[in-house]
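Asker: coords please:
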Amino acid sequence: METSLILPPEAIDISDFRWAFDMQTLAENNKENSASVTVNGDRGIYRINWTVDMQIGIPTLKIDLNDRVILEQNMNTYLDRITKAYPPGKPRPTQATLEEMSLQLETPEVTALLVFKNINISADPYADAIHYYLDLSSLYLQENP
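Answerer: This next block holds a predicted model:
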């Protein structure tokens, strides 16, 4: 049983964001399936980490500001929302909405927007396991005032 969602071809308003990152390509080129990028902002140095748990495929986003963690969020809650809206079992890819294929996270310091190109969720009832694959199209970041 599987769910396969794809991002519809449409424009995304990113005017509220200062930086864009291609974390998926960085992660795929790294043997540890993680990506890290550093950017200098008005408040200091931001380090953005995207790490995928290879056992089940659930990624975690971590953002540090001047070596202090300001955001650490795995995608469990987001995937629960997606799974509830699209239970595994559809035989072909489904075009989801931009709102469903994106996740906005905020802290006092930053706002991050994650936009996923496709999401695959597969349930293996024989192994009693669920596996996830999230293809992160882009991560947008803005410092908050």
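Asker: only C-alpha atoms for contact and neighbour calcs from this point on.
Answerer: Fine.
Asker: tell me where the protein has helices.
Answerer: Using DSSP state H, the helices of the chain run over residues 23-28, 76-85.
Asker: now do the first one, average pLDDT.
Answerer: It refers to helix 23-28. Here helix 23-28 scores 65 as its mean pLDDT.
Asker: same check, this time on stretch 93-113
Answerer: In the prediction, stretch 93-113 has an average pLDDT of 95.
Asker: CA atoms only: put that stretch into CSV for me.
Answerer: Presented in CSV, the C-alpha positions along stretch 93-113 are these (Å, rounded to 0.1, in the frame of the first residue of the first chain):
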residue,chain,number,x,y,z
PRO,A,93,0.4,9.5,-8.0
THR,A,94,-2.0,12.1,-6.7
GLN,A,95,-1.6,15.8,-7.4
ALA,A,96,-1.8,17.5,-4.0
THR,A,97,-2.3,21.2,-3.3
LEU,A,98,0.6,23.6,-2.7
GLU,A,99,-0.6,24.1,0.8
GLU,A,100,-0.4,20.3,1.4
MET,A,101,3.0,20.1,-0.2
SER,A,102,4.5,22.8,1.9
LEU,A,103,5.2,23.4,5.6
GLN,A,104,5.9,26.8,7.3
LEU,A,105,7.8,26.8,10.6
GLU,A,106,8.4,29.9,12.7
THR,A,107,10.6,30.9,15.6
PRO,A,108,11.1,34.4,17.0
GLU,A,109,14.3,34.5,14.9
VAL,A,110,13.3,33.0,11.6
THR,A,111,10.5,31.8,9.3
ALA,A,112,11.2,28.8,7.2
LEU,A,113,9.1,27.5,4.3
